[in-house]
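*Asks:* A predicted structure for the sequence below; I have some questions about it.
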Amino acid sequence: MTHERLEFVVGLFVLGGLLCLGYLSIKLGKLELIGGGHYTVQAEFHSASGLKPGATVEIAGVEIGRIKDIGLTDDRALVTFQIKDEVKLYDDTIASIKTRGIIGEKFVSISPGGGGDPLKPGEKIRETESGLDLEELVSQYVHGNVGDKNK
């Protein structure tokens, strides 16, 4: 009987470990089992270089959503965001692509508006600022084009 009891306890221990591993995978991977709690908005940028799906969307350094998709519309990058339901964005919101540190990961920083109408799911943020392209700046510096107005 003790051998069967030992196997039962080991089985429970393994099952508990697997449940903990699954929970940590979902939390650390920032996955969601249920798709609710978010709405989508879009923004067009001249360049979304370095931006990736899954990158954070922040207001004042606080994560309010994630980038769902990046596509191309005409000659501009169309970025789709998933924003938490409790965060309200207005039609005078500004979306900017920023970089953590000098060569860190890219994310979208939102400057929320206060006036105007709230954005509805699927609507576009009209005001955008593309990120700084460090490679282009270095290239301009190397070739002597920094500050050249005739470019």
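*Replies:* In hand now; what should we look at? No experiment lies behind these values; they were computed from the predicted model shown. Residues are numbered from 1 along each chain as shown.
*Asks:* now the strands: where do they sit in this protein?
*Replies:* 38-45, 56-59, 62-73, 76-84, 94-99, 106-111, 124-125, 127-129 (DSSP state E).
*Asks:* Buried ones in the last one, by neighbour count?
*Replies:* Neighbour-count burial for strand 127-129, with 16 or more other Cβ atoms under 10 Å as criterion, is recorded at 128-129. C-beta coordinates here come from the backbone N, C-alpha and C atoms, glycine included.
*Asks:* Looking at this protein, which helix is longest?
*Replies:* helix 2-28 (DSSP state H).
*Asks:* how about low-confidence regions in the protein?
*Replies:* 1, 28-36, 132-135, 145-151 (pLDDT under 70).
*Asks:* how is this protein carved up into domains?
*Replies:* 1-31, 38-132 (automatic domain parsing).
*Asks:* any idea how far the closest residue to Ser96 other than its chain neighbours is from Tyr23?
*Replies:* Counting by Cβ to Cβ, 6 or more residues apart in numbering, Glu129 is the residue found nearest to Ser96 once chain neighbours are left out, at 4.0 Å. Using Cβ to Cβ, to the nearest Å, Glu129 is found at 38 Å from Tyr23.
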